[in-house]
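# pasting a predicted model and its sequence here:
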Amino acid sequence: MEINKAFVLNSIDYKESSKILYLYTEKGHLSVIAHGVKKMNSINRFLSQNGTLVKLSTTNSKFPSLKEGEIIDEYENIKKNVDTYTYMNHIMELVRNVISEDLNHVKMFGFLEKIFRKINSGDDYEVVTFSFELKLLHFIGYGLNFKECNICGNSNDLVFNVSNGGLICKEHLNYNDLSYDVDIYNYLKFLYYIDLDKHDLPEITNPERVIIRNIIDMLFDEFVSFKTKSRKIIKQIKKY
């Protein structure tokens, strides 16, 4: 079987010298046994590195084995820096654990290529990740509303509320609910809709980043119930 493009999302040791590669392709998720790749003289050794875009040839068995392949992009600049590589791993964990088989993998695969290309070229990796996470919510069926009150359709005096998945007027906001005014939800709205090929990323101050990061975490807690291991490392790096 020929796989023109695949991301190596993760790998685990298998027996003495092999690994199981967890891939994401334009057709969805795929697991492949890479025999002997832990050996220093293996020609496929570098194909098993996490966060690498590869081209592969595999057997046609139920649990395919890697025959041969080549690296398309190592994303070298991302991997040079612990911060950017941690964010990359955070994104890959989300892809592996949140994206189900019935979704549009061609669309997500292309978007993932765009995201890693932007980070590798030096764009603000944290803001790019914010955009990815917000768009991912929409992709998996938890679209956010930035147009009007979710309850009454009012377009005035609006705030962003996590539990309601978007904007809500203050009249329908519960007294104890956290809410965020227009200066914050405009950032969320921009990052949610942005075309990364056509628009520059916004300049966001560190205090605003802290708020946006916490909002996105709450959104994933509310609607997805999944936390990446890399997010814990991000907390240690960014202190929030």
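Structure received.
# give me the three-state assignment for the most centrally placed residue in the chain.
The chain has residue 91 as the residue nearest its centroid, 3.0 Å off, counting by Cα atoms, centre = their mean. Using DSSP: H, G, I helix; E, B strand; the rest coil, the secondary structure recorded for residue 91 is helix.
# distance-wise, check the residue in the chain sticking out farthest from the centre relative to residue 218.
In the chain, the greatest distance from the average C-alpha position (Cα atoms, centre = their mean) is reached by residue 171, at 34.7 Å. Separation of residue 171 from residue 218 (Cβ to Cβ, to the nearest Å) stands at 22 Å. The C-beta positions use only the backbone N, C-alpha and C, and glycine is treated the same way.
# how about residue 11?
In terms of Cβ to Cβ, residue 11 sits 31 Å off from residue 218.
# so for the two, which sits in the more crowded spot?
The neighbour comparison of residue 11 against residue 218 (other Cβ atoms under 10 Å) goes to residue 11, with 21 against 13.
# quick one: the helices in the protein, in order.
With DSSP state H, the ranges of helices along the chain come out as 76-79, 82-98, 105-120, 125-139, 182-193, 206-223, 229-238.
# identify the residues contacting the closest residue to residue 24 other than its chain neighbours.
Closest residue to residue 24 apart from its sequence neighbours, by Cβ to Cβ, 6 or more residues apart in numbering: residue 7 at 4.6 Å. When contacts are counted by Cβ atoms under 8 Å, 6 or more residues apart in numbering, residue 7 touches 23, 24, 25, 51, 52, 53, 54, 92, 95, 109, 112.
# if I look at the second one, how far off is residue 97?
Between residue 24 and residue 97 the distance is 11 Å, computed by Cβ to Cβ.
# please apply the same query to the first one.
Distance of residue 23 to residue 97, computed by Cβ to Cβ: 14 Å.
# more neighbours: these two, which one.
residue 23 (23 against 13).
# verify the stated contact: that one with residue 9.
Yes - counting by Cβ atoms under 8 Å, residue 23 does reach residue 9; the two are 6.6 Å apart.
# show me the protein divided up by domain.
Structurally, the chain divides into domains by automatic domain parsing as follows: 2-74, 77-238.
# would a markdown table of the ones you listed with mean pLDDT be doable?
What follows is these, written out as a markdown table (pLDDT from 0 to 100):
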| stretch | mean pLDDT |
| --- | --- |
| domain 2-74 | 94 |
| domain 77-238 | 96 |
